[in-house]
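K.L.:
with the sequence up front, the predicted model follows.
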Amino acid sequence: MKKLIISLMMLASVITIAACSSSPAEVFAATDDVFAFQAISATEILAVDQANQEIALDLSYTLLEDTETTEDEPIVADEIDVLDKYLSMMDLYLGDNNGLNVSVETSDDLDYAYKVTFTSKTLSGVDATYILYYNEVLYEESDETTEPVTTEPETTEDTTTETNPLSYQDQEKDRLREKSFEFNDVEDDDVVYVLSGKLIIGENEYFLEGKKVVDEDSEILILRSWVDHDNFVKVRYQSEDGKMKFFYEIVEEGIIINKSKIMILNEDGRLMAKLDFVEGEAKGRYEFRTITEENVTYIKIKYNTVDLEGNEERGLIHITATYDELTNETTYEYTVRPENNQNKEFKYNHRHEDHRGDSNRPENPGMRG
C-alpha cells in the first residue's frame with residue numbers, strides 16, 4: 001500500500017526555518033513547513049491587498065552633500081506600490097530570524113479537526129499571531145488487485161483515507177472522493193492530499209485550500225488563501241535544480257494583477273529572500289536581507305529593474321518600520337539609493353493599518369533595534 005503521510009500535527013515545537021546550513025533545500029525541513037509558509041505568506045499578501053489600508057504619503061527625496069537637484073525620481077519608484085504588497089510577509093519572515101513558534105492545540109471549532117497557532121515578531125516589534133483551523137484528506141492508491149474472472153487485465157482502485165472527525169467523514173468523503181475541489185487546477189487528477197481550512201489574523205478570517213500533487217517526475221504543493229472565488233492569492237511550490245521556489249498570483253475581481261517568484265535561502269545562518277516579478281506592472285528583481293547597524297534593524301534590498309523603454313537601473317533600498325500605538329499603524333520608510341547616482345536618496349513612506357489585532361501591539365512601540 002502506497003501511502004502519503006502528512007499531518008501538521010507532526011510539527012515540531014518550533015519551525016526552525018533558519019537552519020545552520022547554507023543549502024536552500026534545507027531552509028524548510030518538511031512538507032508541513034512548506035504548507036505553513038504558503039498559508040501565512042499568501043494570507044499576509046491577501047490581507048494587505050484586501051484591506052487597502054496602506055496610504056502612500058507625499059513623495060519626497062533627501063539630498064546628500066554636493067548633489068544636483070535636477071535628477072528625476074528612480075525607475076524603481078514605479079514598482080514600490082507593488083513591492084509593498086509583499087513587504088508585510090517579508091517583514092514577518094525576515095524580521096524575526098528565529099522563525100515561527102508553533103503550538104498544536106485541541107480544536108475548539110466543530111467544523112475543523114485540527115488547530116495550530118503560529119507566532120512570530122515583525123521588524124517593528126509587533127507580535128504576529130496566526131490561528132490555523134483545518135481538515136485534511138489523503139488519498140491512497142491500493143496495490144491490491146481484484147481477482148480476474150476473464151482474460152481482462154487486473155485492475156487497481158483508488159481509496160480515500162479520512163483523518164477528520166467521524167461526524168464529518170461522510171461529508172468530506174462524498175465531496176473529495178471525486179476530487180471536486182474548491183478551485184480547479186490542471187494537476188487535480190494527480191492530487192494525493194488536500195487541506196481545507198481557515199487562517200485567523202486578528203479579527204479577520206481567510207479560507208484556505210492546499211493540495212499536494214505527485215506525478216512520476218515531480219512533487220508540487222498548491223495553496224490558495226481566499227475571500228471568494230474572484231479574490232485570492234495562489235502560491236505554488238516546486239523544487240527545481242535543488243532550489244525551492246514559490247510562485248505567487250494575486251487575483252482581484254477575477255483578474256490576475258501580479259505574478260511573482262520567491263526563493264527563501266539561508267545565508268550564513270540568516271534568512272534572505274529573492275523576489276522576481278514576472279507579470280504585471282512590476283518587472284524588477286529584489287534580494288531581501290535584514291541588517292543591524294548602530295542598534296537599528298532594517299531590511300536591505302538589492303534591486304535590478306527595467307522601465308518600459310528598456311532602461312536598466314540597479315541600486316539599494318533600506319526599509320525601516322515604526323509602529324504607532326495611537327493609530328495602530330506600522331509605517332515603512334523606503335530609502336532608495338540608485339547605483340547610478342550615489343549622491344541622492346529618495347524616501348517613500350507607506351502606512352499599513354495593523355490587520356493582526358490589538359493584542360499584538362508591542363509593549364514599547366517604535367523602531368526595532
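P.N.:
Alright, I've got the coordinates.
K.L.:
make it CA atoms for all contacts and neighbour counts henceforth
P.N.:
Will do.
K.L.:
buried residues in stretch 303-321, which are they?
P.N.:
Across stretch 303-321, burial judged by 16 or more other CA atoms under 10 Å covers 303-307, 313-321.
K.L.:
what's the most distant pair in those?
P.N.:
Largest separation among those by CA to CA: 307 and 321, giving 27.8 Å.
K.L.:
could you pull out the helices for the stretch 1-150 of the chain?
P.N.:
In the stretch 1-150 of the chain, the helices defined using DSSP state H, counting those that start in this stretch lie at 31-51, 80-95.
K.L.:
which of these sits closest to residue 221?
P.N.:
helix 31-51 (7.6 Å).
K.L.:
report the angle between that closest one and helix 80-95.
P.N.:
Inter-element angle recorded for helix 31-51 and helix 80-95: 140 degrees (by axes from the mean of the first three to the mean of the last three CA atoms, to 10 degrees).
K.L.:
average pLDDT across helix 31-51?
P.N.:
Across helix 31-51, the average pLDDT comes to 86.
K.L.:
helices and strands around it, which ones?
P.N.:
Helices and strands touching helix 31-51, by 3 or more CA pairs under 8 Å, 6 or more residues apart in numbering; DSSP states H and E, are helix 80-95, strand 191-201, strand 204-214, strand 219-228, strand 231-240.
K.L.:
quick one: buried residues of it?
P.N.:
The neighbour-count check on helix 31-51 (16+ other CA under 10 Å) flags 32-49 as buried.
K.L.:
of the buried residues of stretch 303-321, which is the nearest to residue 208?
P.N.:
Set against residue 208, the nearest of the buried residues of stretch 303-321 by CA to CA is residue 321 (28.8 Å).
K.L.:
just send the buried residues of stretch 303-321 back as JSON lines, with pLDDT, secondary structure and distance to residue 124 too.
P.N.:
Below are these laid out as JSON lines (pLDDT from 0 to 100; DSSP: H, G, I helix; E, B strand; the rest coil; distance: CA to CA, whole Å):
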{"residue": "303", "pLDDT": "96", "secondary structure": "strand", "distance to residue 124": "23"}
{"residue": "304", "pLDDT": "96", "secondary structure": "strand", "distance to residue 124": "26"}
{"residue": "305", "pLDDT": "94", "secondary structure": "strand", "distance to residue 124": "28"}
{"residue": "306", "pLDDT": "90", "secondary structure": "strand", "distance to residue 124": "31"}
{"residue": "307", "pLDDT": "86", "secondary structure": "coil", "distance to residue 124": "32"}
{"residue": "313", "pLDDT": "93", "secondary structure": "strand", "distance to residue 124": "29"}
{"residue": "314", "pLDDT": "95", "secondary structure": "strand", "distance to residue 124": "27"}
{"residue": "315", "pLDDT": "95", "secondary structure": "strand", "distance to residue 124": "24"}
{"residue": "316", "pLDDT": "95", "secondary structure": "strand", "distance to residue 124": "21"}
{"residue": "317", "pLDDT": "95", "secondary structure": "strand", "distance to residue 124": "17"}
{"residue": "318", "pLDDT": "94", "secondary structure": "strand", "distance to residue 124": "14"}
{"residue": "319", "pLDDT": "92", "secondary structure": "strand", "distance to residue 124": "11"}
{"residue": "320", "pLDDT": "90", "secondary structure": "strand", "distance to residue 124": "8"}
{"residue": "321", "pLDDT": "86", "secondary structure": "strand", "distance to residue 124": "5"}
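K.L.:
closest one of those to residue 116?
P.N.:
residue 321 (28.0 Å).
K.L.:
name whatever forms a beta bridge with the nearest residue to that closest one once chain neighbours are set aside.
P.N.:
Computed as CA to CA, 6 or more residues apart in numbering, the closest residue to residue 321 that is not its neighbour in sequence is residue 332, at 4.6 Å. Using DSSP bridges, the bridge partners assigned to residue 332 are residue 321, residue 350.
K.L.:
so which other helices or strands are in contact with the longest strand anywhere in the chain?
P.N.:
If you go by DSSP state E, the chain has its longest strand at strand 127-141. Using 3+ CA pairs under 8 Å, 6+ apart, the elements in contact with strand 127-141 are strand 114-121, strand 158-162, strand 191-201.
K.L.:
what residues sit buried inside that strand?
P.N.:
Quick answer for strand 127-141 (16+ other CA under 10 Å): 127-140.
K.L.:
switch the helices and strands packed on helix 31-51 over to JSON lines; also include mean pLDDT, mean neighbour count and distance to residue 117.
P.N.:
Formatted as JSON lines, the helices and strands packed on helix 31-51 follow (pLDDT from 0 to 100; neighbours: other CA atoms under 10 Å; distance: least, CA to CA, whole Å):
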{"stretch": "helix 80-95", "mean pLDDT": "84", "mean neighbour count": "21", "distance to residue 117": "15"}
{"stretch": "strand 191-201", "mean pLDDT": "94", "mean neighbour count": "20", "distance to residue 117": "9"}
{"stretch": "strand 204-214", "mean pLDDT": "95", "mean neighbour count": "20", "distance to residue 117": "14"}
{"stretch": "strand 219-228", "mean pLDDT": "95", "mean neighbour count": "20", "distance to residue 117": "17"}
{"stretch": "strand 231-240", "mean pLDDT": "92", "mean neighbour count": "21", "distance to residue 117": "21"}
